[in-house]
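Asker: Just need the structure, nothing else, for what follows:
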Amino acid sequence: MIIEEEDKMRVIDFHTHIDDILYGGDLVEPYSEMVWTPGDIFEWSGYRVSGLKGLFHKLSHHLEVLYIHHRMQFGTKENLARFMERYGVEKSVLLPIAPLTDGLRYLRKVKGDGRFIVFASVSPYDSDKERHLKAQVDGGCVGIKLHPILQNASAEHKGYFEIMELARGYKLPVIFHSGVISYYPAYQWVRYGYGEPRRYEKLISGFRDLRIILAHLGMRQWEQVLDLGRRYDNVYVDGSNQRLSVLKKAVLAFGKERMLFGSDFPASHQSTPIKIGLKLTEGDDDFRERFFYKNALSLLSGVK
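Answerer: This next block holds a predicted model:
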């Protein structure tokens, strides 16, 4: 889906990745085009198909891993820029995941390119968090990305509380992955369970002065996120990988001011979440402007 010139609207994609966020470093042989896998039905369905249950749970695990591994091979700055131009995205927020990637690495890759906004990332296991975060913020990072599953740490890990204290000093918004999902072929149910949104409540309640974004609106655990959104006004969500019916419910829990557009590129083409966002905001120009642009801008405007 391409936004026509006469319907031009400003779009900030609050959730994108480049490089190898699964194993670290540059992609060895990045794809020039996305390849098909059976898991593509996930995006084709508008995210209504979201995994198999019961006897087919392990099959669903492997399909999910296959889909993610192939999609991640498309994650280069050049491919993202091409998609942004194709789908009318003005700016994309790049989210590194330490120690696999970090903000300084992303800043070097996009130096001088105003289309990209870069967040920092610090591992909860990092013994020198303060120095590493300062270097990224001084370099130009304007938020923090954390991912308990890929960082292999529960949200209750003391390292995350230390990072949040540092974020408080800089008044940075913090975006967490939320939702149980399989990233690696091994059955690691405990590790994947670190994505359960309810695990974040101690962090959310302990840092009410920080804007905390729960990415993907919890994926299949979206009800947990809606509950958190009703009780804590410092919680925001991005709608990446989430179906329209759930986003409509989220409006009732979060209001129009705490919802953000995100694609999770390269896991998505950007076009699918744009289509869903247009349906979500249909007939409400104010909400459309907030969802696609203004809410993201408000989260970034107060950053030092």
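
Asker: shaky segments in the stretch 51-200 of the chain?
Answerer: The stretch 51-200 of the chain contains no residues with pLDDT under 70.

Asker: again, only using 90
Answerer: 51-57 (pLDDT under 90).

Asker: ranges for the strands of it?
Answerer: 91-94, 116-118, 144-146, 174-177 (DSSP state E, counting those that start in this stretch).

Asker: Just say which of the ones you listed is most tucked in.
Answerer: strand 144-146 (a mean of 29; mean count of other CB atoms under 10 Å). For every residue, glycine as well, the C-beta is placed using N, CA and C.

Asker: How far away from the center of its chain is it?
Answerer: 9 Å (CA atoms, centre = their mean, to the nearest Å).

Asker: just to revisit the earlier point, now for the strands of the stretch 51-200 of the chain, which one comes closest to Leu52?
Answerer: strand 174-177 (21.6 Å; CB to CB).

Asker: circling back: could you export the strands of the stretch 51-200 of the chain as CSV, including distance to Glu165?
Answerer: Listed next are the strands of the stretch 51-200 of the chain as CSV, based on distance: least, CB to CB, whole Å:
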stretch, distance to Glu165
strand 91-94, 23
strand 116-118, 22
strand 144-146, 12
strand 174-177, 11
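
Asker: closest one to Glu282 among those?
Answerer: Across those, closest to Glu282 is strand 91-94 (CB to CB), at 23.4 Å.

Asker: Pull up the pairing partners for the closest one, direction included.
Answerer: strand 12-16 (parallel), strand 116-118 (parallel) (DSSP bridges).

Asker: rewinding a little: figure out which of the strands of the stretch 51-200 of the chain is closest to Leu278.
Answerer: Closest among these, using CB to CB: strand 91-94, at 18.1 Å.

Asker: Show me the contact partners of the closest one.
Answerer: Residues outside strand 91-94 that contact it (CB atoms under 8 Å, 6 or more residues apart in numbering) are 11-18, 80, 84, 106, 110, 114-119, 143, 262, 265, 296.

Asker: one more time with 6 Å, if that's ok
Answerer: Applying CB atoms under 6 Å, 6 or more residues apart in numbering, the contact partners of strand 91-94 are Ile12, Asp13, Phe14, Thr16, Tyr106, Arg115, Phe116, Ile117, Val118.

Asker: Next: stretch 228-246.
Answerer: Contacts for stretch 228-246 (CB under 6 Å, 6+ apart): 14-15, 46-48, 204, 208, 211-217, 222, 247, 253-254, 258-260, 262-264, 276, 279.

Asker: Show me which of these are buried.
Answerer: 14-15, 46-47, 204, 211-217, 222, 247, 253-254, 258-260, 262-264, 276 (16 or more other CB atoms under 10 Å).

Asker: Which ones among those lie within helices?
Answerer: Ile204, Trp222, Leu247, Ala253, Phe254, Ile276 (DSSP state H).

Asker: what's the closest of these to Ile181?
Answerer: Checking these one by one against Ile181 (CB to CB), the nearest turns out to be Trp222, at 13.0 Å.

Asker: Could you pick out the longest helix of this structure?
Answerer: helix 57-72.

Asker: How far off centre is that one?
Answerer: The answer for helix 57-72 is 18 Å, by CA atoms, centre = their mean.

Asker: Sounds good, over and out.
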